[in-house]
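Peer 1: What follows is a predicted protein model with its sequence.
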Amino acid sequence: MFEQQFMNALAIGSVYALTAMGATLIYGIMGILDIANAGAYLVGAYLGWYIYHATGNIALAFIGSAIAVGALGVLLQKTIYSPILAKQNTLSIIPLVAAVGLFTMSSDVIRLICGPYSKSYNFKTSADSIQIGPIVLIPAWILIFALTALCLLVLWFLLNRTKLGLAWRSTANDSEIAKVCGVDTNKSMALSYILGYGFAAIAGIMVGILYNSITPALGEVPSYKMLAIIVLGGLGNPVGTVIAGLLIGFVEVFVSAYTNLPIPKDAIAFVVLIIMLLIKPEGLMGQKNKM
Amino acid sequence: MANAYLFSIMATVAIFTLLALSLNIITGYAGQAMMGIAAFFGIGAYTAAILTTNGTPFLLALLAAMVVTGVFGALLGVISLRLQEDFLAITTIGINFVMAAVFNTLKITGGTLGLTTKKPEIFGVRMNNFHFFILTVIIVVIVCLLINKMRKSWFGMALASIENDPAAARSFGINVSKYQILAFIIGTALSGLAGGIYSHRMGFISATDFAFTVSIQVVSMCVIGGLGTIRGPIFGAILITSLPEILRFADNYRALVYSLLLVIMVRFMPGGLLGDDSPIWKLIVKGYRKFVPRKKTRADLIAEEAVSAGAAPGTQSVKQEGGLA
């Protein structure tokens, strides 16, 4: 029982970490709380569904959807977010309002185009479950673990071992100084959106496979839970985000399995967050609270 | 009856105007990111509803709703001292979700079934939508007058300085903590008042009435109208609340039109349609000035006197500069 819950928590935590990673990368560079990332998650899940059902190839669905949604992210960054940030004296909630508008738009466009009813992935593997000792593994879980690990590895490599990653890190550290030193900060912003929206799309397909159902409301819960996770991880910190994502996954699964709290599962993340912020306002692994 | 329908919409518009004005005090004047106003709207609504079902007179219940909500607001104000901007935005979003969940589970708030309220009586008259509309408009007018007075007062100026730059305000000896908490108390108390009216006007409330989407709607009202002005939130509340009624013919595309409008607004006019920097507002002011010339201030009178006394306009300042050099 315990082992089973553990694996379950790990699967959910992985999805959370990957979903929130997009928002973290974008926050790290742009300083925007991009709720629209949950829209990317939704659009990615639907795009993946269409590709998978047209070709029957899940790998193609993951890759195609991630690339298309990543490109959409760059388009939004160039046409909406960057111009808003370029204006002087904008309140910090203005970009957030834009993101909320984009997110609402994405779920409505999906509802109008793809219909309000749920679609099932019906992803089939050769074995229904794999037994290792006391643990029963569902192949979809293995796919999720492997894919999350792969994505995080690619991210780590990109950020720490390439010139593009160096530029990204310097922009995240101080975009003004990076610009002065000749770093193309626009490229760093675009990279954030390609990776951020791409990861969200992959996470969307993973959830679609895991629960075997996607609806136009798919993005609602991640939209705010993602925010709780990126703050817990210390805004803009990729490592902290992974830890916070897993933490929330574990707390949710174990609290709802072993206790009888009168609050719904989806509100737990925020209870953890509020307690956390009051004790340690800069997040699990964050820098100091920005003034 | 067409009239009853009209008044029911107008009552809703008035209540949301009050709510938008309350958010405007926290976000517009004090500059604090508040994304969870619906939680406080809800606290007020449930407090008033519980009190009147237990026999408290309506107006007294409204007062109590203000006080209770203001106490919660003071708590958030204290929290806001520790959290800046984005952290505060997320925390208030979180508070909204947690409160909605609490409303949905507590026994006293009726759980998932919600609460039913009786139509209250004022001065022996059972209130209908028309009465609610009148009552709310009276409150809105009073609130507008008070806000206008507040902005010219020491408190209003202190808030403006905090909104501009809290560190600079502190260095001038302004008690930032005190004024910031006060702004939260006043803003949330007003939202609680709006909630108290709302729960009785609707006759039935449940947790979905105070969901995060409601907070977003109120933020949109302020942003679309123009934060930090009185006219902005009022205009925004009228527009956003009546938009669904106007767009009724395009029911299926309502949310799409609404969100598209929001994105276009913040992209091209982040100051709001009627904000101080908005070209529309400047045009209105210009047109208005054509008919009603600006009242002359003391500085204008002195300048005119100088001109008529023979000094060419501008010479005074030139002299002064020469003297300084």
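Peer 2: Yep, that arrived.
Peer 1: CA only for contacts and neighbour counts going forward, please
Peer 2: Noted.
Peer 1: and the residue of chain B found nearest chain A, what helix or strand is that in?
Peer 2: Residue nearest to chain A within chain B: B:Ser259 (4.7 Å; Cα to the nearest Cα). Following DSSP states H and E, one finds B:Ser259 within helix B:254-268.
Peer 1: Also B:Ala183?
Peer 2: helix B:176-202.
Peer 1: what's that helix packed up against?
Peer 2: If you count contacts as 3 or more Cα pairs under 8 Å, 6 or more residues apart in numbering or on different chains; DSSP states H and E, helix B:176-202 packs onto helix B:2-23, helix B:37-53, helix B:58-82, helix B:129-152, helix B:154-164, helix B:166-171.
Peer 1: winner for burial among the ones you listed?
Peer 2: helix B:37-53 (a mean of 28; mean count of other Cα atoms under 10 Å in any protein chain shown).
Peer 1: Could you list the alpha-carbon positions for that helix in CSV?
Peer 2: The C-alpha coordinates for helix B:37-53 follow below in CSV (Å, rounded to 0.1, in the frame of the first residue of the first chain):
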residue,chain,number,x,y,z
ILE,B,37,-10.8,40.1,-3.4
ALA,B,38,-13.5,37.5,-3.9
ALA,B,39,-12.4,35.7,-0.7
PHE,B,40,-13.2,38.9,1.3
PHE,B,41,-16.4,39.5,-0.7
GLY,B,42,-17.4,36.0,0.4
ILE,B,43,-16.5,36.5,4.1
GLY,B,44,-18.7,39.6,4.1
ALA,B,45,-21.5,37.8,2.3
TYR,B,46,-21.5,34.8,4.6
THR,B,47,-21.2,36.9,7.7
ALA,B,48,-24.2,39.0,6.8
ALA,B,49,-26.2,36.0,5.6
ILE,B,50,-25.6,34.0,8.8
LEU,B,51,-26.4,37.1,11.0
THR,B,52,-29.7,37.9,9.3
THR,B,53,-30.9,34.3,9.3
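Peer 1: mean confidence for that helix?
Peer 2: Helix B:37-53 comes out with an average pLDDT of 94.
Peer 1: interface residues of the stretch 151-300 of chain B facing chain A?
Peer 2: Proximity of the stretch 151-300 of chain B to chain A is confined to B:216, B:219-220, B:223, B:255-256, B:259-260, B:262-263, B:266-268, B:270-271 under the rule Cα under 8 Å from any Cα of the partner chain.
Peer 1: And the buried ones among the residues you listed, selectable in PyMOL?
Peer 2: Selecting only the buried entries of these in PyMOL, with 16 or more other Cα atoms under 10 Å in any protein chain shown as the criterion:
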select buried, chain B and resi 216+219+220+223+255+256+259+260+262+263+266+267+270+271
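Peer 1: Quick check, B:Phe97 in contact with A:Ala267.
Peer 2: Yes: counting by Cα atoms under 8 Å, B:Phe97 touches A:Ala267, with 6.3 Å between them.
Peer 1: what's the closest non-adjacent residue to B:Gly31?
Peer 2: Nearest in space to B:Gly31, with sequence neighbours left out and distances taken as Cα to Cα, 6 or more residues apart in numbering or on different chains, is B:Glu163 at 4.5 Å.
Peer 1: distance of that neighbour from B:Met221?
Peer 2: Distance, B:Glu163 to B:Met221, by Cα to Cα, to the nearest Å: 20 Å.
Peer 1: what helix or strand is the residue of chain A found nearest chain B on?
Peer 2: Residue nearest to chain B within chain A: A:Gly101 (4.7 Å; Cα to the nearest Cα). Using DSSP H and E, A:Gly101 maps to helix A:93-114.
Peer 1: Mind giving me the packing neighbours of that helix?
Peer 2: helix A:37-55, helix B:212-225, helix B:254-268.
Peer 1: Output the longest one as CSV, nothing but the C-alphas.
Peer 2: It stands for helix A:37-55. What follows is helix A:37-55 as a C-alpha-only set of coordinates in CSV (Å, rounded to 0.1, in the frame of the first residue of the first chain):
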residue,chain,number,x,y,z
ASN,A,37,1.5,28.2,-19.3
ALA,A,38,-1.5,26.1,-18.2
GLY,A,39,-3.0,27.1,-21.6
ALA,A,40,0.1,25.7,-23.3
TYR,A,41,-0.5,22.5,-21.3
LEU,A,42,-4.0,22.3,-22.5
VAL,A,43,-3.3,23.1,-26.1
GLY,A,44,-0.3,20.6,-26.0
ALA,A,45,-2.6,17.8,-24.8
TYR,A,46,-5.1,18.4,-27.6
LEU,A,47,-2.5,18.8,-30.3
GLY,A,48,-0.8,15.6,-29.1
TRP,A,49,-4.2,13.8,-29.1
TYR,A,50,-4.8,14.8,-32.8
ILE,A,51,-1.2,13.8,-33.8
TYR,A,52,-1.4,10.5,-31.9
HIS,A,53,-4.8,9.6,-33.4
ALA,A,54,-3.7,10.6,-36.9
THR,A,55,-0.3,8.8,-36.9
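Peer 1: Helices of chain A, start to end?
Peer 2: For chain A, applying DSSP state H gives helices covering A:2-30, A:37-55, A:58-76, A:82-86, A:93-114, A:139-161, A:163-173, A:175-180, A:185-211, A:220-232, A:238-258, A:265-279.
Peer 1: on that earlier part again, thought the residue of chain B closest to chain A was touching A:Asp108?
Peer 2: No: B:Ser259 lies out of contact with A:Asp108 (Cα under 8 Å); the separation is 9.1 Å.
Peer 1: give the contact list for the nearest residue to B:Val137 once chain neighbours are set aside.
Peer 2: In space, and not counting its chain neighbours, B:Val137 is closest to B:Ala14: 6.1 Å by Cα to Cα, 6+ apart. For B:Ala14, the contacting residues are B:133, B:136-137, B:140, B:238, by Cα atoms under 8 Å, 6 or more residues apart in numbering or on different chains.
Peer 1: now, among those residues, which is nearest to B:Lys295?
Peer 2: Within the contacts of B:Ala14, proximity to B:Lys295 (Cα to Cα) peaks at B:Val140, which comes in at 27.0 Å.
Peer 1: contacting residues around the closest residue to the closest one other than its chain neighbours?
Peer 2: Leaving aside its chain neighbours, B:Val140 sits nearest to B:Leu18 (5.8 Å; criterion: Cα to Cα, 6+ apart). The contact partners of B:Leu18, by Cα under 8 Å, 6+ apart, come to B:136, B:139-140, B:190-191, B:194.
Peer 1: residues contacting B:Asn128?
Peer 2: B:119, B:201.
Peer 1: rewinding a little: buried residues in the helix holding A:Gly101?
Peer 2: Within helix A:93-114, the residues scored as buried using 16+ other Cα under 10 Å are A:93-111.
Peer 1: so A:Leu247 makes contact with A:Gly13?
Peer 2: Yes: if you go by Cα under 8 Å, A:Leu247 and A:Gly13 touch, sitting 6.9 Å apart.
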